[in-house]
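> When you get a sec, could you give me coordinates for this:
(2 chains)
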Amino acid sequence: MTATDTAVHLVQLAGAACFVIGLHRMRSPATARDGNLLSAGAMAVVLLATGVALVVDNRVPVTSWVVGLAGIATGGLVGAYAARTVAMTAMPQLVSVFNAMGGGAAALVAVQDLSSGGSAGGFPAATGGLGVLIGGVTFTGSLVGAGKLQGWVPGRPLVFRGARPVSALLVLGGIAGTGWLVASPGSAVALAGVAVAGLGFGVLLVLPIGGADMPVVISLLNAFTGTAVAMAGFVLGDTALIIAGALVGSSGAILTRLMAAATNRSVPAIVAGGFGTGDAPSGTAGAPGAGQVRRTDVDDAALQLGYAQKVVIVPGYGLAAAQAQHELSELATLLGERGVDVRFAIHPVAGRMPGHMNVLLAEADVPYPQLEDLDEANPRFPATDVALVVGANDVTNPAARRPGNAVSGMPILDVDRARAVIVVKRSLGHGYAGIDNELYTAPNTQMLFGDAKETLSALLAALKALVS
Amino acid sequence: MSADVLTGLTVFVLALLVGVEVIGRVPATLHTPLMSGANAIHGIVLAGALTVTATATTPWGEVIGFVATAFAAMNVVGGYLVTDRMLAMFRSHRAPGRDVPADRAAP
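Here you go, the predicted model:
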């Protein structure tokens, strides 16, 4: 081991420690930003050290210099521009695209190393093959996912005949190709086969998944990229890549499990095909004593909110779709100034990726101590005077507590246990699960029909006029 | 299996466990920044991309090196920047003077 090698290893070790500490500081919003900066700084130092070591230990040709620097400049500028300009509502797409880039880079690194015959021995060849396969899956999968989120690819589950056998064949082909690579490292045919299998499977994996399951898929692909990066680390014998890949892999795996649990669906079931494919039980849940829908108007709702002591707001994706976060935030401030205790109860899948709704509300200047998750919010509902539901549907359906319907067993926000419930909604339409929401016919619920943004603006005006 | 491979496997498994332990404690509020921050961390694949670029000997290798480097750089730079942008928005108190943005203030 040369002196530069030793130095780089020590820098990498320190960098890996900083990544872990940075993630550790994400346990509170108060320290999270410092943690991210620490992680970013460590990353810069590790990358710089790698670059310096390359220059010192190899005679790097001028073309490689130019190519490397041009690559960094191109990617860095595009990445920085996208990061600065993206709208918070489009965050899931951007994270997916960045994920695709990471997966693609990991696959290319493995391709390059395998095709130049760098990795001798069975294990590096096997990890290299897996790196190409998994990296290929995340590359196309994340791009298709981003396309779905952006609306460029239809968000509904796209299923066509023969897709599943083809997917199975691609997976088997990818694994067989990896085996071939182990037997004869450097085989260009095997390498191409693995790459095609990975890229093809990524497309087929994400196409049949519906919009409501996007949080799960994004998390899953994140875990895949982490694994692909770790595999690239094995190929290059680079410990920093292995550690970073493992950290990301575990974060993706944890979030995947959380998101799947929040929709009460198993990961295999989601991957096999999403909601709305027609195989989910649909129809009414047969609510016992299904009652009449009670309507209310803006003035009455404003009075109820203004004279309440405790209000819990339940935002759903409909809020973000209507771009009404700022109105909701103002409403919460106004109520807060009147001494009303206002909280936001946020279901894990309220947005299009884990924690998305929290970011949207933070952008609208809602202080984070007011944002509560399922476990914090649910015990609060029985003592809540008014629960205001804006743009959330299935995650508030009390039918989930009974077996025998499409949402059975799904963790829900116990909105119906509040003394009064006001639901802001365009119509009585169904959510993704395709069943009636029993909350809307509950005796303590009043429906305030209308567009979220207009209704909240009207509510704000009424509150100012009536009770200020 | 060589000693290097075994060491790599050991590091991989231990890092997975550390990841589960540390990330399991991140509150739901921060799951989006967590994901994009973790995303940025795997941008370290840029180190690998630079390595294969530096050792490339064919034009084809240079092309792959360029694309890999550009992808990885986009991942790492964009990932950290967007995470920072999001985390900057999380405040424990409403920022003074920002209650009603000027462009939407009531007349």
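> State the helix or strand in which residue 32 lies.
Using chain A. Using DSSP states H and E, A:Ala32 sits within helix A:29-57.
> oops, chain B please
In the assignment (DSSP H and E), B:Thr32 maps to helix B:31-41.
> do the same with A:Leu360
Going by DSSP H and E, A:Leu360 is part of helix A:356-363.
> Return the set of buried residues in that helix.
By 16 or more other C-beta atoms under 10 Å in any protein chain shown, the buried positions in helix A:356-363 come out as A:356-363. (Each C-beta comes from the backbone N, C-alpha and C, glycine too.)
> ok, the helix or strand that comes right after that helix: who's next to it in the sheet?
Later in the chain than helix A:356-363, the nearest helix or strand by DSSP H and E is strand A:371-372. As defined by DSSP bridges, the strand partners of strand A:371-372 come to strand A:341-345 (parallel).
> Show me the shaky parts of chain A.
A:1, A:117-120, A:273-291, A:467-468 (pLDDT under 70).
> let's go with 50 and repeat that
For chain A, residues meeting the criterion pLDDT under 50 lie at A:274-289.
> same check, this time on chain B
Scanning chain B with the threshold set as pLDDT under 50 gives B:97-107.
> Apply 90 and report the result again.
Applying pLDDT under 90 to chain B flags residues B:1-6, B:54-60, B:92-107.
> So which residue is dead centre in it?
In chain B, the centroid-proximal residue (C-alpha atoms, centre = their mean) is B:Ala40; its distance is 0.9 Å.
> Quick one: the buried residues of helix A:356-363 as CSV, columns for distance to B:Ser36 too.
Shown next, in CSV, are the buried residues of helix A:356-363 (distance: C-beta to C-beta, whole Å):
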residue, distance to B:Ser36
A:His356, 11
A:Met357, 15
A:Asn358, 13
A:Val359, 10
A:Leu360, 14
A:Leu361, 17
A:Ala362, 14
A:Glu363, 14
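> Check which helices and strands the helix holding A:Ala32 is in contact with.
helix A:3-24, helix B:31-41, helix B:45-54, helix B:59-87 (3 or more C-beta pairs under 8 Å, 6 or more residues apart in numbering or on different chains; DSSP states H and E).
> closest to A:Arg156 out of the ones you listed?
With C-beta to C-beta, the closest approach to A:Arg156 among these belongs to helix B:31-41: 24.2 Å.
> Is that closest one positioned near chain A?
Yes. Using C-beta under 8 Å from any C-beta of the partner chain, we find that helix B:31-41 touches chain A at B:31-41.
> tally of neighbours for A:Gly434?
Look at A:Gly434: counted by other C-beta atoms under 10 Å in any protein chain shown, it has 16 neighbours.
> how close does it get to A:Asp416?
20 Å (C-beta to C-beta, to the nearest Å).
> A:Phe123 too?
Relative to A:Asp416, and taking C-beta to C-beta, A:Phe123 is found at 56 Å.
> got it, and A:Gly103?
Counting by C-beta to C-beta - A:Gly103 and A:Asp416 are separated by 42 Å.
> More neighbours: these two, which one.
Between A:Gly103 and A:Asp416, counted using other C-beta under 10 Å, A:Gly103 has the larger neighbour count: 35 against 20.
> any idea which element the more buried one lies in?
Here A:Gly103, judged by DSSP H and E, is contained in helix A:91-115.
> now do A:Gln446
Per DSSP H and E, A:Gln446 falls inside strand A:445-449.
> so what does the helix or strand that that strand is followed by touch, helix or strand wise?
Downstream of strand A:445-449, the first helix or strand assigned by DSSP H and E is helix A:452-467. Packing partners of helix A:452-467 (3+ C-beta pairs under 8 Å, 6+ apart): helix A:298-306, helix A:317-321, helix A:325-337, strand A:420-425.
> hang on, the earlier thing: what packs against the helix holding B:Thr32?
So helix B:31-41, by 3+ C-beta pairs under 8 Å, 6+ apart, packs with helix A:3-24, helix A:29-57, helix A:91-115, helix A:214-236, helix A:239-262, helix A:356-363, helix B:59-87.
> Of those, which is nearest A:Ala163?
The closest of the helices and strands packed on helix B:31-41 to A:Ala163 is helix A:214-236. By C-beta to C-beta, the value is 15.9 Å.
> Name the residues that touch stretch A:19-33?
A:34-36, A:38-39, A:42-43, A:243-244, A:247, A:251, A:368, B:18-19, B:22-23, B:25-27, B:29-30, B:33-34, B:37-38, B:41, B:84, B:87-88, B:90, B:92 (C-beta atoms under 8 Å, 6 or more residues apart in numbering or on different chains).
> Buried residues, it. List them.
Neighbour-count burial for stretch A:19-33, counted by 16+ other C-beta under 10 Å, picks out A:19-20, A:22-29, A:32-33.
> Between these, which sits nearest A:Asn222?
A:Leu23 (13.7 Å).
> quick revisit: among the contacts of stretch A:19-33, the buried ones, what's the ChimeraX command?
Selection of buried members from the contacts of stretch A:19-33 for ChimeraX, criterion 16+ other C-beta under 10 Å:
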select /A:35,36,38,39,42,43,243,244,247,251,368 /B:18,19,22,23,26,27,29,30,33,34,37,38,41,84,87,90
